[in-house]
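[1] predicted structure and sequence below. I'll ask about it afterward.
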Amino acid sequence: MLDIRWIRSNADEVKAYLANRNNDFDIEPLLALDEEKRKLLSETEELKAKRNEGSRKVGMAKSKGEDAVELMEEMRVIGDRIRDIDSTLAEIEEKMNNMLLSIPNRPHESVPVGKDENDNPVVRRWGEPKSFAFEPKAHWDIGEAAGIMDFEKGAALAQSRFTVLKGVGARLERALLNFMLDLHTEKHGYLEVQPPFMVNSKTMQGTGQLPKFADDLYKCENDDLWLIPTAEVPLTNLFAGEILEEEQLPFYCTAYTPCFRREAGAYGRDVRGMLRQHQFDKVEMVKISTPERSYEELEMLTDNAEEVLRLLEIPHRTVCLCTGDMGFGSSKTYDIEVWLPSQDKYREISSCSNCEDFQARRMNTRYRPKGGGKPQFVHTLNGSGIAVGRTLIAVLENYQREDGSVEIPKALVSYMGGVEEIR
RNA sequence: GGAGAGGUGGCCGAGUGGUCGAAGGCGAUUGACUCGAAAUCAAUUGGGCGGCUUGCCGUCCCGUGGGUUCAAAUCCCACCUUCUCCGCCA
């Protein structure tokens, strides 16, 4: 959410970046409501001042045993007017709030202007795609042949886009997430957290999933609860409504959670295999920072995610999302893409974003600066550290051998109970 | 799910209709005393919004949302939440 006062005095800048984001939101009606709201607010506050004064006089008169009927009647009339204005005001505020909640975040000045993913510049590459002496297979062929992935059972038990992992496959999933959590907690200084996998509407609104993206979420029928699409939601909201001390910042936390997404807009895409699932495992990293150092923190966060792939020795690259491809709440996002030999291309495996104060304002998370002074909104950052299911895919495809067996990356062997290959 | 008791400022805690944004205490900050510290004394010490002469004025906030009233922390209703007991349960 943006600050209405900032929008008021930077209307042209807002219009310009909305265009760069391919967003057609019109801020003029919002500005008109803002104008009207402030007018009504002064009016009702003036009346309230008058009423407070009058009520005080009634009190004083009564304590002296005097009659105050006339004054009470006068105050009653004022009270009625206040009620009218306040109810209009409440309507206007609700409208404004809904509008404010639908405006995407402002991109950072370092973000390249562009139309879609084709305009995302590559900022780093690590490793060379391995050349295979044979035709590399897709993970679903490798997984089914090895008896560790069952897509038919997934569909039978639930729906398409669900998979059953078995034996070494299930073990590999668990090995990967343990490996990632250990790396971030022991080496990168993140606090391990296990949050709820369901959250309420307010929490979903805090990070920006609601009200705009309800169609992408799974909702529980009888309760105000939603399945989380990413651990970013509960982790970032950990301090919602609080004022932190600057000494507590930066705060780093990480969590493994399953993630649930309806994939409503992705009907024909990635239908085979387990690249795009309704339920997938992810290790997430979240940082709460002061505004001064949030961009430095973003670079470190992205590096923390990249390190997972470096240690697993899987080729990958990092791109900076352009204005047209960025997510709703982000000011700057790096996507990390992993090499998938069967597709002969890089695919997203992590997304690391600085949301600046966009989520903080929605959640109302602030900190008190060291020297004292007014509380300021924090900056929030999040990044996959990394998507576990997709990492499993990347391992299978990049470490496959001609005979259909798969080598286990060295970094994972101890997590696999000493198993060095899948066959 | 049933019964009961609570939710007040950073913390503890008083306040059952009228100058109450809220006594008192603790903590914190500043000043005095001190070579320094402690102790002591004094002052200050929440947040949001709006206005303008940017320092002040106004307004709102005592779990949340409604209601009654000239006036609500205080009365009424609903909800959330914490604790205790019972039931159920991994």
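    Done, it's in.

[2] what average pLDDT does the strand or helix carrying residue A:31 get?
    Assigning secondary structure by DSSP states H and E places residue A:31 in helix A:28-63. Mean pLDDT, computed over helix A:28-63, is 93.

[3] does any bit of it sit next to RNA strand B?
    Yes - among the residues of helix A:28-63, A:38, A:41-42, A:45-46, A:48-49, A:51-56, A:58-60, A:62-63 lie within reach of RNA strand B under CB under 7 Å from any atom of the strand. Backbone N, C-alpha and C define where each C-beta goes, glycine included.

[4] could you turn the buried ones of those residues into a ChimeraX selection?
    A single ChimeraX command is used to select the members of the residues of helix A:28-63 next to RNA strand B judged buried by 16 or more other CB atoms under 10 Å:
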select /A:51,54,55,58
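
[5] just the closest residue of the stretch 251-400 of chain A to RNA strand B, please.
    Proximity to RNA strand B, evaluated over the stretch 251-400 of chain A using CB to the nearest atom of the strand, is greatest for residue A:375 at 5.0 Å.

[6] burial of that residue, as a residue count?
    Here the neighbour count serves as a burial measure; for residue A:375 (other CB atoms under 10 Å) it reads 14.

[7] check residue A:24 too.
    Residue A:24 sits with 7 neighbouring residues when counted by other CB under 10 Å.

[8] tell me which residues touch it, please.
    With contacts defined as CB atoms under 8 Å, 6 or more residues apart in numbering, residue A:24 is in contact with residue A:18.

[9] relative to RNA strand B, how far out is it?
    When distances are taken as CB to the nearest atom of the strand, to the nearest Å, residue A:24 and RNA strand B turn out to be 26 Å apart.

[10] what bridges to the closest residue to RNA strand B within the stretch 151-300 of chain A?
    Closest approach between the stretch 151-300 of chain A and RNA strand B, counting by CB to the nearest atom of the strand: residue A:243, at 6.7 Å. Taking DSSP bridges, one obtains residue A:366 as the residues bridged to residue A:243.

[11] and stretch A:272-282, end to end?
    Start to finish, the residues bounding stretch A:272-282 are 20 Å apart (CA to CA, to the nearest Å).

[12] buried sites along it?
    In terms of neighbour count (16+ other CB under 10 Å), stretch A:272-282 has its buried residues at A:273, A:274, A:275, A:276, A:277, A:278, A:279, A:280, A:281, A:282.

[13] mind checking the pLDDT average for that stretch?
    On average, the pLDDT along stretch A:272-282 is 96.

[14] stretch A:80-92 too?
    Over the span of stretch A:80-92, the pLDDT mean works out to 92.

[15] chain center to it: distance?
    The chain centroid and the centroid of stretch A:80-92 are separated by 35 Å under CA atoms, centre = their mean, to the nearest Å.

[16] quick one, domains of chain A?
    Per automatic domain parsing, the domain ranges recorded for chain A read A:4-100, A:117-422.

[17] which of the ones you listed sits most buried?
    Highest mean neighbour count among these (mean count of other CB atoms under 10 Å): domain A:117-422, with a mean of 19.

[18] quick one: end-to-end distance for that one.
    The first and final residues of domain A:117-422 sit 35 Å from each other (CA to CA).

[19] which element is residue A:285 on?
    With the criterion set as DSSP H and E, the secondary-structure element containing residue A:285 is strand A:279-289.

[20] show me what that strand is packed against.
    Using 3 or more CB pairs under 8 Å, 6 or more residues apart in numbering; DSSP states H and E, the elements in contact with strand A:279-289 are helix A:168-182, helix A:232-236, strand A:251-260, helix A:294-312, strand A:379-387, helix A:388-398.
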